[in-house]
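*Asks:* My questions are about this predicted structure, shown below with the sequence.
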Amino acid sequence: MRKDKKRLILRICIITVCFMVMYAQQVFAIGTMWDLAEKIIKDVYNKIAGISTILAALMTTVCVVGMKLSNNQQKVDQSVDWLKRIWIAWAVINGIGGFLAYIQPLFADYNTIEVNSVLLR
């Protein structure tokens, strides 16, 4: 009975290896993992910045129309407060991109580790 189990396990292993070899595909990477991550992050950020700009313009329009059509000073003050919050949020979101564009070149040379040749001897 034990020999049958060993043979069955051996056959399953051989079949599994054969299937793995038959269905293995060679994959060609375009770049490193970090290049792809940078591309994805830039793409996502550009979409977020675009959407935030459109929403800021839309909400600014709503606030200005609300201020012009309102007869109540309290509602006008609330619209002004919301207008300030909208533009501060928009400036922060777009400021992140500007900050990263300025900071990234400063750290460009730190992505590699230099190995001291004395340690290799």
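*Replies:* Good, I have the coordinates.
*Asks:* Check the gap between the residue nearest the centre of the chain and A49 for me.
*Replies:* In the chain, the residue lying closest to the centroid (CA atoms, centre = their mean) is I41, at 3.4 Å. As judged by CB to CB, to the nearest Å, I41 and A49 stand 12 Å apart. C-beta here means a position set from N, CA and C on the backbone, and glycine is covered the same way.
*Asks:* Next secondary structure after the top helix by length along the chain?
*Replies:* The longest helix of the chain (DSSP state H) is helix 33-69. Toward the C-terminus, helix 33-69 is succeeded by helix 73-103 as the next helix or strand (DSSP states H and E).
*Asks:* now that next one and helix 33-69, what's the angle there?
*Replies:* Angle of helix 73-103 versus helix 33-69, following axes from the mean of the first three to the mean of the last three CA atoms, to 10 degrees, is 160 degrees.
*Asks:* Can you name every helix or strand that helix 73-103 contacts?
*Replies:* Applying 3 or more CB pairs under 8 Å, 6 or more residues apart in numbering; DSSP states H and E, one finds that helix 73-103 contacts helix 33-69.
*Asks:* Which strands or helices does the helix it packs on pack on?
*Replies:* Checking 3+ CB pairs under 8 Å, 6+ apart, helix 33-69 ends up next to helix 73-103.
*Asks:* Now the helix it packs on: buried residues?
*Replies:* V76, S79, W82, L83, I86, W90, I93, N94 (16 or more other CB atoms under 10 Å).
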